[in-house]
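S.K.: My questions are about this predicted structure, shown below with the sequence.
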Amino acid sequence: MSLSEIKNPNDAWIIHREEINTLQDGVCDIYVVLDVITGRCLEMETSKNLPSSSQILELIKKSCSQVNTTPQKIYILKKDPLAEVVQAVCSGLKIAFDVATQQALNPFISDFTNSFKQFKCGKNEFIDKNNDVSPEEIEAFIPDTYGPCPCASGKKYRFCCQKAFKDITYAMCEAQDGHLDKALYYMKQAEDKIGLTAEILCRYAISWSFFDSQKTQEFLAKALLANPNHPRTNYILGIESVEKKDYQSAITYYQKAIDHYPIEDKFHLNETYNNLGTAYYKLENYQMAKESWEKALVLLPSDKMVANNLFQCIYTNSAVPKELRTIRPGH
Ligand SMILES: [Zn+2]
């Protein structure tokens, strides 16, 4: 029985997780049990952390008592971190279980999802800014907050840098607008939330970079001391090396950043591979430039800048050896 074959109310339910940003608690999850046919929301629960199996069991039981029946099947989004827990609970309750793709679930959850639009984290800003990116790409592009943190701490993003995400964002905007005091104020807020981690030290460096290059260097050095593998610090050192036309060092830094960004972090990997390609290109290493840009394009196929680099600097560049001027299959 697939989602489209379901005919009767309460034959199948969807357990759906929506991540929202609340004023009081910051990021939290809302769990809902939705009936596939009627779209009715049977139960709803909010949670700061991933619910335990007993909480999920409770959620399903409450939904059952709402309608005095048990569904034949429960669906959940394929990559939802809760999928395994729900599967175990369903098997205990003798309810069939299946995962479904975002695309398959969308018709059934979109009304619900839209009602939370204004509270959602990150995703909408990203869509607004990137009109020609497909919804599937966006799904793949925004790391799940239960995924590994881009700062390479090994912690989940949600329990690491996300706690300071807003303060860091404000600080970056203020610094860019020339307001050092305000930037440092927000950085202090961020520091108070997650401590003086490599990520925070690196963000101090970025804040200072608009005002004082010596301070910038001091903070970058401190960030590397805190974590030599910190991806963003290595990425920034790569950019600085490019500015000094030291492309070989830039390549080393970019490669280190790539080695330590979580593989789920397509956003930063795309950006770093693009820069890596440019550094190789400056050294006229066309083979590696091509490989780096192609990797960047695989991570974000609609990236026009990378596609342009490949087209102008490789595929149609007569300085490039002919055997390299071919688009590899699948690109
Ligand atoms: Zn982190």
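M.R.: Now that the structure is in, tell me what you want to look at.
S.K.: okay, now the domains of the chain?
M.R.: The chain resolves into domains spanning 3-121, 157-324 when parsed by automatic domain parsing.
S.K.: could those be laid out in CSV, adding mean neighbour count?
M.R.: In short, each C-beta sits where N, CA and C put it, glycine included. Output for those, formatted as CSV (neighbours: other Cβ atoms under 10 Å):
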stretch, mean neighbour count
domain 3-121, 16
domain 157-324, 19
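S.K.: ranking the ones you listed by mean pLDDT, which is last?
M.R.: For those, the bottom mean pLDDT is recorded on domain 3-121, which sits at a mean of 86.
S.K.: how much distance is there from that one to the middle of the chain?
M.R.: Using Cα atoms, centre = their mean, to the nearest Å, the distance from the centre of domain 3-121 to the centre of the chain it belongs to is 22 Å.
S.K.: what does stretch 301-315 give?
M.R.: Using Cα atoms, centre = their mean, the mean C-alpha position of stretch 301-315 is found 23 Å from that of the whole chain.
S.K.: gap between the two ends of it?
M.R.: The stretch stretch 301-315 measures 17 Å between its terminal residues, going by Cα to Cα, to the nearest Å.
S.K.: Would you mind pulling the contact partners of it?
M.R.: Stretch 301-315 has contacts (Cβ atoms under 8 Å, 6 or more residues apart in numbering) with 132-134, 137, 270, 274, 277-278, 281, 286, 289-290, 293-294, 296-297, 300, 320, 324-327.
S.K.: Nearest residue to residue 320 in space, please, no chain neighbours.
M.R.: In space, not counting the residues next to it along the chain, residue 320 is nearest to residue 286; the distance is 4.6 Å by Cβ to Cβ, 6 or more residues apart in numbering.
S.K.: Touching, the one you found and residue 318? I think so.
M.R.: No - contact between residue 286 and residue 318 fails when scored by Cβ atoms under 8 Å: they sit 11.5 Å apart.
S.K.: which residues are common contacts for these two?
M.R.: The contact lists of residue 286 and residue 318 share no entry, where a contact means Cβ under 8 Å, 6+ apart.
S.K.: Would you map the helices across the stretch 1-150 of the chain?
M.R.: Along the stretch 1-150 of the chain, the stretches classed as helices by DSSP state H, counting those that start in this stretch are 53-67, 83-93, 102-115, 123-129, 135-141.
S.K.: any chance of these in CSV, plus distance to residue 244?
M.R.: As requested, these are arranged in CSV below (distance: least, Cβ to Cβ, whole Å):
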stretch, distance to residue 244
helix 53-67, 54
helix 83-93, 48
helix 102-115, 44
helix 123-129, 31
helix 135-141, 31
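S.K.: CA atoms only: put the longest helix along the chain into CSV for me.
M.R.: Of all the segments assigned as helix in the chain under DSSP state H, the longest by residue count is helix 266-282. Extracted C-alpha coordinates of helix 266-282, given in CSV (Å, rounded to 0.1, in the frame of the first residue of the first chain):
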residue,chain,number,x,y,z
LYS,A,266,27.2,20.5,0.9
PHE,A,267,26.9,24.3,1.2
HIS,A,268,30.5,24.8,2.5
LEU,A,269,32.0,21.9,0.5
ASN,A,270,30.6,23.4,-2.7
GLU,A,271,32.0,26.8,-1.8
THR,A,272,35.5,25.4,-0.9
TYR,A,273,35.8,23.2,-3.9
ASN,A,274,35.0,26.2,-6.1
ASN,A,275,37.8,28.2,-4.5
LEU,A,276,40.1,25.2,-4.7
GLY,A,277,39.5,24.9,-8.4
THR,A,278,40.3,28.6,-8.8
ALA,A,279,43.6,28.2,-6.9
TYR,A,280,44.6,25.3,-9.1
TYR,A,281,43.6,27.2,-12.2
LYS,A,282,45.9,30.1,-11.2
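S.K.: Around the ion, pick out the residues from the protein.
M.R.: The interface of the chain toward the ion, taken as Cβ under 5 Å from the ion, is made up of 149, 151, 153, 160, 161.
S.K.: Residue 216 versus the second one, what's the distance?
M.R.: So that's residue 151. Residue 151 is 19 Å from residue 216, where distance means Cβ to Cβ, to the nearest Å.
S.K.: now swap in the third one and tell me
M.R.: Counting by Cβ to Cβ, the separation of residue 153 from residue 216 is 22 Å.
S.K.: Against residue 305, how distant is the residue nearest to residue 288 when sequence neighbours are not counted?
M.R.: If you skip the residues right next to it in sequence, residue 288 has residue 280 as its closest partner in space, 4.1 Å away by Cβ to Cβ, 6+ apart. Note on residue 280: its distance to residue 305, by Cβ to Cβ, is 16 Å.
S.K.: Helix, strand, or coil at the nearest residue to residue 284 once chain neighbours are set aside?
M.R.: For residue 284, the nearest residue in space outside its immediate sequence neighbours is residue 319; the separation is 7.8 Å by Cβ to Cβ, 6+ apart. Here residue 319 is recorded as coil under DSSP: H, G, I helix; E, B strand; the rest coil.
S.K.: Any idea how many residues pack against the residue nearest to residue 81 when sequence neighbours are not counted?
M.R.: Once flanking residues are discounted, residue 81 sits nearest to residue 146: 4.2 Å by Cβ to Cβ, 6+ apart. A total of 18 residues lie near residue 146 under the criterion other Cβ atoms under 10 Å.
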